[in-house]
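give me the fold of what follows.
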Amino acid sequence: MTEVLFNGYAGRLEGRYHQSDNPSAPIALILHPHPQYGGTMNNKVVYTLFSCFQNLGFSVLRFNFRSVGRSQGEFEDGPGELSDATVALNWLQSVNPEARQCWIAGYSFGAWIGLQLLMRRPDINNFIAVSPPANEKDFSFLAPCPTSGLITQGCIDEIVTPASVTSLVKRLNTQRNVSVDYAMIEDADHMYNNHLTDLYKVVGHYIIDAMKKRTPTKKRRGRRKKSEMMEEQDETLLLENDSEDSMDDDFGDDEE
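You can find the predicted model right below:
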């Protein structure tokens with residue numbers, strides 16, 4: 001993992017970046033929760049998302065919004081942070097010109113910003129939105145939602161009401177040509193305390209399934225090849241093993 005600095009519209013932005021060994025590997029941008037409530041790129045949920053994409057072979061970037069950590073500028077509650085995300089995605093694409101896919105993932109406030117970025121960037125192929133604040137922020141801009149994705153929510157979230165997120169998912173799934181998967185994680189609060197491994201596995205399996213759907217394969221008759229079944233087993237083991245290892249390093253003490 002590499003510390004990176006790149007120029008934003010309000011000054012320097014600070015990030016952490018993992019470069020895949022494969023030049024054509026897909027890329028992912030991770031957005032952190034609300035800066036005024038302790039949200040940073042070292043938030044445990046953000047790091048869990050980062051680790052999941054990294055372990056599945058992506059080149060992945062997480063960064064601090066303006067006014068957070070070593071990132072310059074002042075908090076703007078939306079417009080400024082959206083421009084920060086735009087610059088971050090531009091930087092990520094500039095160092096991965098051969099990337100075959102582009103994903104956006106965000107947690108809480110970061111999910112709200114990420115979905116706005118999704119509406120402006122047709123080059124984004126898929127999204128992960130963890131606990132989007134549907135009870136506090138307006139998501140009517142998703143009309144229509146331009147691509148399929150995954151939304152996760154904790155069943156006992158005390159900040160983002162599960163009912164508001166459920167309603168958002170139902171509305172999105174009434175739109176044509178879009179399928180939004182919804183994962184409710186039992187007994188998980190807003191910070192996913194004691195449920196980060198569950199979140200890691202849910203997100204990881206969604207990414208694997210989505211990548212398979214986008215990879216063209218030749219039709220085969222009869223039983224599947226042994227190599228295909230072994231590949232699926234390896235992917236499951238990767239998620240199970242790395243979900244434990246990824247919890248041990250580089251976490252901050254963010255509250256949201």
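
which stretches of the stretch 1-150 of the chain form helices?
44-55, 79-94, 109-120 (DSSP state H, counting those that start in this stretch).

pLDDT score for Lys218?
We have a pLDDT of 39 for Lys218.

hmm, I typed the wrong one, I wanted Arg224.
Per-residue pLDDT puts Arg224 at 48.

kindly report the same for Gly38.
According to the prediction, Gly38 has pLDDT 96.

can you report how many residues neighbour it?
Using other C-beta atoms under 10 Å, Gly38 has 15 other residues around it. (Glycine included, C-beta is placed from N, CA and C.)

and it, how far from Asn193?
Distance, Gly38 to Asn193, using C-beta to C-beta, to the nearest Å: 14 Å.

quick one on the thing from earlier: dump the helices of the stretch 1-150 of the chain into CSV; add distance to Met184, mean neighbour count and mean pLDDT as well.
As requested, those are exported to CSV (distance: least, C-beta to C-beta, whole Å; neighbours: other C-beta atoms under 10 Å; pLDDT from 0 to 100):
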stretch, distance to Met184, mean neighbour count, mean pLDDT
helix 44-55, 16, 25, 98
helix 79-94, 26, 19, 98
helix 109-120, 15, 24, 98
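
I'd like those laid out as JSON lines, including distance to Lys213.
JSON lines is the format used below for these (distance: least, C-beta to C-beta, whole Å):
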{"stretch": "helix 44-55", "distance to Lys213": "17"}
{"stretch": "helix 79-94", "distance to Lys213": "23"}
{"stretch": "helix 109-120", "distance to Lys213": "18"}
